[in-house]
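*Asks:* Following is a predicted model, sequence given first.
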Amino acid sequence: MASVPEMAKSGRLRVVGRPASRGDTEESAGSSEARVRTTHPEHDDALVAAVLAGDPAAAGRMWDRYSPLVRRILRRVLGPVDVEDGLQDAFLRLFRDLGSLRDRSALRSYLIGIALHVSTSELRRRRARRWLRLSDDGAVVEPDVLPRGEDHEPRAAVLRLYEVLDRISDERRAVFVLRFVEGLELAELSVVLDCSLATAKRRVADAARRVAVLAACDPLLAPYLEAKR
Amino acid sequence: MTSWEEREKHEAAAMALGDLARRVAGQVDDARDAAGRERWLRAVTRPRRSPRGRAALLAAALVVGTVLAFFYARPPARLEYSVTGPLVADETWLGVAPSGEPLSLRFSDGTELDLGPGSRGRVAEVTGDGASLVLAAGVLQARVVHRPRARWSVSAGPYTIEVTGTAFDVAWSDVRDELELTLHDGGVLVRGPSLADGLRVAAGQRLVAHASTGLAQLSSILAAEPPPKPPAAAPEPSASPAVHLPPRPPPTWSEMLADGNFRGVLDAAAARGIDATLNRGSLADVVALADAARYLHERGLARRGLLTERSRFAGSPEARGAAFVLGRMADDAGSSDEAIRWYDTYLAESSRGPFAAEALGRKLVTLVESGDAVGARAAAREYLARFPSGAHAAYARDHGQTP
């Protein structure tokens, strides 16, 4: 897969400050200032129509276009764990419900919503497992899937961040991840959360406050906040 | 600091944490991705069933549906719930230490309740449709999943909050007889003194009600202004049906800390006297002072606070945690020997504590960097034995080999 800078040089990318409305997929998400997206020649509504018509090549294109986004959201909500089963689950749900998607150009937001649903179901399962003590301490992270060669300091801090996220509600966790890790604009966030823009803003502020205060009092995370001050 | 500045500060912190999360992005295994793609394509391009097959499927679905209807017609099974977090409990009550982490109650329908630091409450009743909770004092954050027939209630003093599905924070002070309710989503019905018919509170609203006077005030949670000051003279009874509350006492230091008001904690400690606080203050205040000082880079003051936690409140969870933080501070200051001593202290006192892996990992790094190869190998072996998948495992493997 070509990198974002390579694609930008080739003219296949455009940089926008807000999510584009159709046919676009993020290649690299996260910056709150500018987001880089690829523009696909085939619009989402045409892609959806082709998949519904039983075109296997279109289904493959849908996977290629959106599996990186769904995988990334699953990882970012759940933490550094293996998410391939969740990815399958999300795409099977998508296929099952694709016919009921009214605005086919809103495929991206629809998929983010499915990814969130899959993630929160998994979080609930984790809590049940923890409650049933199927693991010693209910540990939810599997550090082995963190990339090797990374400095252990941020690795430890990321694991700690997900322990902090375990202490807030699933909804706050999803809002925090979508806004501050994934970098979704408020407008798209309100679509994904199915709420008004004002409510989305309120939820973002609430999630930010909860996570920031918990992190500020945490010996492992506080240095990352101090470095930004 | 205004509420807007607070909000910006929290969002800047959240962005910094988002940056951190993105720094350790997972890798995509191309082979697994290809296998996943094939699996998905096989699933979605499976041949459709024949009409006869569909009829058989329909018949099977009808049988399953009948069985499900039988089960659903029965009264719903009682919800189950689990409690996680540091618990201070007597026979029926759940309590959280003033400086402790919130206590989480997770119900099987997905409803989440968090009991805040210094709070006390109990689950009075659990049914298939919800539960009744009693908040004796402190703060409860609730996120109730909306379901048909859902019935939840929270009693706080003489007030009762009836809920079907919503997210809200409720605080009850049994000292001030004051209820503060903040609605994030949905709506609730509140009953209590002067609210006998019930007051409906909607998303985005805050209710502050005072049981001893029966006064209540409903406002927008976006309003930045503080609660109204008491009138200089008694108001005319007919002037307004609305209500003025007595001035709220200043927040505790723990509350200020929870709100991220670190400077406020230091200012309050300075006003009271730092020595007086350290020598005679409560554990909660000393912890708040040490945490606020650490956050504001007042290292000397932070250290004094942490050492006070250890000397005056020895044996408390806060005192044990302080050993790890002191180790980190010594580490940051380049005092390897002192850092290792504190890490060892923490590990001796809290071998399964929340920072055990990090303390042992940091001890290993410090030993390696100070050139103590023998000590480092021992620490590496211990680390790998205890935390084979921990964040420092790769580092331990690199430094645990005998040359």
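*Replies:* Happy to help now that I have it.

*Asks:* least trustworthy helix or strand in chain A by mean pLDDT?
*Replies:* Every helix and strand of chain A was ranked by mean pLDDT, DSSP states H and E. The lowest is strand A:13-16, at a mean of 26.

*Asks:* now residue B:160, nearest residue through space, not along the chain?
*Replies:* Leaving out its chain neighbours, the residue that sits closest to residue B:160 by C-beta to C-beta, 6 or more residues apart in numbering or on different chains is residue B:191, at 4.9 Å. To be clear about C-beta, it is placed using only N, CA and C from the backbone, and glycine gets the same treatment.

*Asks:* Next, the contact list for that neighbour, please.
*Replies:* Residues in contact with residue B:191, defined by C-beta atoms under 8 Å, 6 or more residues apart in numbering or on different chains, are B:159-160, B:162, B:197-199.

*Asks:* Give me the neighbour count for residue B:280.
*Replies:* For residue B:280, the neighbour count with other C-beta atoms under 10 Å in any protein chain shown is 12.

*Asks:* got a pLDDT number for it?
*Replies:* For residue B:280, the pLDDT comes out at 89.

*Asks:* For the stretch 251-400 of chain B, just list every one of the strands.
*Replies:* Here the stretch 251-400 of chain B has no strands by DSSP state E, counting those that start in this stretch.

*Asks:* Can you give me the distance of the residue of it found nearest chain A to residue B:332?
*Replies:* The minimum distance from the stretch 251-400 of chain B to chain A, using C-beta to the nearest C-beta, falls at residue B:391 (3.7 Å). Separation of residue B:391 from residue B:332 (C-beta to C-beta, to the nearest Å) stands at 18 Å.

*Asks:* One more: residue A:199?
*Replies:* If you measure residue A:199 against residue B:332 using C-beta to C-beta, the figure is 41 Å.

*Asks:* more crowded one of residue B:391 and residue B:332?
*Replies:* residue B:391 (26 against 11).

*Asks:* Confirm for me that the more buried one is in contact with residue A:156.
*Replies:* Yes. The pair residue B:391 and residue A:156 passes the contact test of C-beta atoms under 8 Å, sitting 3.7 Å apart.

*Asks:* Return every residue with contacts to both of these two.
*Replies:* Joint contacts of residue B:391 and residue A:156 (C-beta under 8 Å, 6+ apart) are B:358, B:361.

*Asks:* for the chain, what are the low-confidence residue spans?
*Replies:* Using chain A here. Chain A contains residues with pLDDT under 70 at A:1-42, A:128-153, A:227-229.

*Asks:* that answer is for a different chain, and I need it for chain B
*Replies:* B:1-2, B:24-28, B:46-54, B:57, B:65-76, B:86-92, B:164-165, B:220-249, B:258-260, B:402-403.

*Asks:* which residue is nearest the centroid of it?
*Replies:* The residue lying closest to the centre of chain B (C-alpha atoms, centre = their mean) is residue B:102, at 4.6 Å.

*Asks:* got the phi/psi numbers for that one?
*Replies:* phi -60, psi 150 (degrees, to the nearest 10).

*Asks:* Kindly list the longest helix within chain A.
*Replies:* With DSSP state H setting the assignment, residue counts place helix A:107-131 as the longest helix in chain A.

*Asks:* Against which helices or strands is that helix packed?
*Replies:* Using 3 or more C-beta pairs under 8 Å, 6 or more residues apart in numbering or on different chains; DSSP states H and E as the contact test, the elements touching helix A:107-131 are helix A:44-52, helix A:56-78, helix A:84-97, helix A:170-176, helix A:186-193, strand B:81-84.

*Asks:* which of the residues in that helix are buried?
*Replies:* For helix A:107-131, the neighbour count (16 or more other C-beta atoms under 10 Å in any protein chain shown) marks A:107-116, A:118-120, A:122-124, A:126-127, A:130-131 as buried.

*Asks:* With stretch B:251-269 instead?
*Replies:* By neighbour count on 16+ other C-beta under 10 Å, the buried set for stretch B:251-269 is B:252-262, B:264-266, B:268-269.

*Asks:* How about stretch B:16-24?
*Replies:* Using 16+ other C-beta under 10 Å as the burial criterion, the residues of stretch B:16-24 that qualify are B:16-22, B:24.

*Asks:* Quick one: closest of the helices and strands packed on helix A:107-131 to residue A:215.
*Replies:* helix A:170-176 (10.6 Å; C-beta to C-beta).

*Asks:* Which stretches in the stretch 251-400 of chain B count as helices?
*Replies:* Using DSSP state H, counting those that start in this stretch, the helices of the stretch 251-400 of chain B run over B:253-258, B:262-272, B:274-280, B:283-295, B:299-312, B:317-332, B:336-349, B:356-369, B:373-386, B:393-399.

*Asks:* any chance of those in JSON lines, plus distance to chain A?
*Replies:* What follows is these, written out as JSON lines (distance: least, C-beta to the nearest C-beta, whole Å):
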{"stretch": "helix B:253-258", "distance to chain A": "6"}
{"stretch": "helix B:262-272", "distance to chain A": "8"}
{"stretch": "helix B:274-280", "distance to chain A": "18"}
{"stretch": "helix B:283-295", "distance to chain A": "5"}
{"stretch": "helix B:299-312", "distance to chain A": "11"}
{"stretch": "helix B:317-332", "distance to chain A": "5"}
{"stretch": "helix B:336-349", "distance to chain A": "11"}
{"stretch": "helix B:356-369", "distance to chain A": "6"}
{"stretch": "helix B:373-386", "distance to chain A": "11"}
{"stretch": "helix B:393-399", "distance to chain A": "5"}
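
*Asks:* winner for burial among those helices?
*Replies:* Sort the helices of the stretch 251-400 of chain B by mean neighbour count, taking mean count of other C-beta atoms under 10 Å in any protein chain shown, and helix B:283-295 sits at the top with a mean of 25.
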